[in-house]
Every structure is written in C-alpha cells, then in structure tokens.
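Enquirer: Below are the sequence and a predicted model for it; my questions follow.
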Amino acid sequence: MLAVQSTRNNAVSTRDRGTDSRTDRFNSLVELHASYLYRYAYWKCQNRALADDLVQETFLRAWRHLDQLKGPETARSWLTTIVRREFARLFERARVDIDPEASPDNVAALMEHDTRPEAFALRQGLQKLPEKYREPLLLQVLGGFSLVEIADILGISTSAATTRLFRAREKMRQILTIEQRGEHIEVHALRS
C-alpha cells in the first residue's frame with residue numbers, strides 16, 4: 001500500500017513538473033514575442049483593440065498547440081503564422097471595421113517611434129505598398145525573418161518570397177524618392 005502511494009506521488013509530481021515546464025515554456029514565449037506580435041498585428045489591421053485581440057487569440061492557440069512547436073528557434077515564425085491565420089479568420093467570420101483614424105502617424109502614439117520626416121515618409125510609403133509586397137517586407141524588416149522563414153509564413157516558395165521582397169524594395173524606392181525644396185532626397189534605410 002505504501003509503495004502504491006509513493007508511486008502515485010511520484011507520478012503526480014512528474015505530471016506537475018511537466019505542467020510547470022509547459023507553463024514556463026509558454027510564459028517565455030509570451031515574454032519574448034508579445035511586443036513583436038502586437039506590432040505585427042497592428043500593422044496588419046491598423047486597429048489597437050483588434051491587434052490586442054489578435055495577439056490574445058494567437059497566444060491562446062499557441063497554448064493549445066504548444067506541443068507542435070518544434071523548438072525555440074522557430075517560435076517567432078510559428079507565432080507570426082498564427083497571427084496571420086487569426087487575422088484571416090476575422091474575415092471569414094465577419095467584416096472587420098478598420099479604424100479610419102488609424103494611420104502610420106498614430107503608430108507613434110502607441111510606441112516610441114522616430115518622428116523624423118524620413119520615418120514619416122517610410123511609414124506612409126509602407127501603407128502605399130500593395131499587401132503582397134508590404135507583408136514580406138515587414139516580416140523581414142520588423143520581424144527579422146530569413147527568406148526561408150518568410151516563404152514558410154506566407155505559404156509561398158522561396159523564389160516567390162525573393163521576388164516579392166525585391167519588388168517591395170523597388171516600389172519603396174520609387175515611393176520614397178521625393179523632391180523637397182529643390183533637393184532630391186532618397187531614404188536609404190531599405191537599400192539591400
């Protein structure tokens with residue numbers, strides 16, 4: 001009887017340690033990636049409340065499927081894919097009301113952003129890019145993802161991701177090349 005009791009206690013303590021380990025892994029994910037996921041979600045929807053909801057849903061799904069995470073090195077890519085899918089699900093369920101007051105200018109109010117004219121022009125330029133070019137560019141610049149990771153997140157080939165990034169940069173160069181006070185100003189932040 002005492003041996004059975006001891007075995008049960010060991011099984012319970014092992015199970016508790018497994019839960020603690022799972023909880024620790026999840027808390028680590030939240031701590032490391034919440035800020036990035038919010039920025040990315042905000043860029044997707046341009047609405048603070050909706051971005052909060054997307055991140056919340058992302059972490060809920062991540063908790064439910066934490067065992068599918070292959071390793072910490074793939075966590076950001078995995079979570080970004082979940083955010084993208086959650087955003088797409090919103091359109092499946094109902095029409096999303098995008099905040100008309102939300103603009104790249106309002107992003108500065110959410111986070112500490114560079115308020116120089118070049119930064120303003122960059123945010124405006126990103127909004128002018130078609131979604132199929134803006135998203136891979138944001139994933140690379142904002143998320144720091146590699147070409148392979150971007151292709152995986154977007155569900156496209158690596159060569160398609162390369163092409164989209166090239167075209168995004170070209171379009172951004174066109175958008176950001178402006179004439180101001182007779183001087184030609186080019187933003188060099190996106191040069192390859």
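Expert: Yep, it's here.
Enquirer: From now on I want contacts and neighbour counts done on CA atoms only, so please keep to that.
Expert: Will do.
Enquirer: domain parsing for this protein?
Expert: Domain segmentation of the chain under automatic domain parsing yields 1-102, 104-192.
Enquirer: Name the next helix or strand following the helix or strand containing L126 along the chain.
Expert: Assigned by DSSP states H and E, L126 falls within helix 117-128. Heading C-terminal from helix 117-128, the first helix or strand you meet, by DSSP H and E, is helix 131-141.
Enquirer: State the mean pLDDT of whichever helix or strand comes after that next one.
Expert: With elements assigned by DSSP H and E, the helix or strand that comes after helix 131-141 is helix 147-154. For helix 147-154, mean pLDDT is 90.
Enquirer: if we can go back for a sec, and the helix holding L126, what does it pack against?
Expert: In terms of contacts (3 or more CA pairs under 8 Å, 6 or more residues apart in numbering; DSSP states H and E), helix 117-128 is packed against helix 104-110, helix 158-176.
Enquirer: wait, which of those is closest to L32?
Expert: helix 104-110 (18.8 Å; CA to CA).
Enquirer: So what's the residue count around the residue nearest to F145 when sequence neighbours are not counted?
Expert: The shortest distance from F145 to any residue other than its chain neighbours is 5.9 Å, reached at L139 (CA to CA, 6 or more residues apart in numbering). If you count neighbours by other CA atoms under 10 Å, L139 ends up with 21.
Enquirer: Tell me what angle the helix holding L126 forms with helix 158-176.
Expert: 130 degrees (axes from the mean of the first three to the mean of the last three CA atoms, to 10 degrees).
Enquirer: re the thing from before, comparing the helices and strands packed on helix 117-128, which comes out most buried?
Expert: helix 158-176 (a mean of 18; mean count of other CA atoms under 10 Å).
Enquirer: if we can go back for a sec, just checking, which of the helices and strands packed on helix 117-128 comes out with the lowest mean pLDDT?
Expert: helix 104-110 (a mean of 44).
Enquirer: so what pLDDT did the nearest residue to H33 once chain neighbours are set aside get?
Expert: Leaving out its chain neighbours, the residue that sits closest to H33 by CA to CA, 6+ apart is R76, at 6.8 Å. Looking at R76, its pLDDT reads 92.
Enquirer: Residues contacting the stretch of helix or strand A49 belongs to, please?
Expert: Per DSSP H and E, A49 falls inside helix 48-64. With contact meaning CA atoms under 8 Å, 6 or more residues apart in numbering, helix 48-64 is reached by 26, 30, 34, 37-38, 41-42, 45, 79, 82-83, 86-87.
Enquirer: From those, keep the buried residues only.
Expert: Neighbour counting by 16 or more other CA atoms under 10 Å classes 26, 30, 34, 37-38, 41-42, 45, 79, 82-83, 86-87 among the contacts of helix 48-64 as buried.
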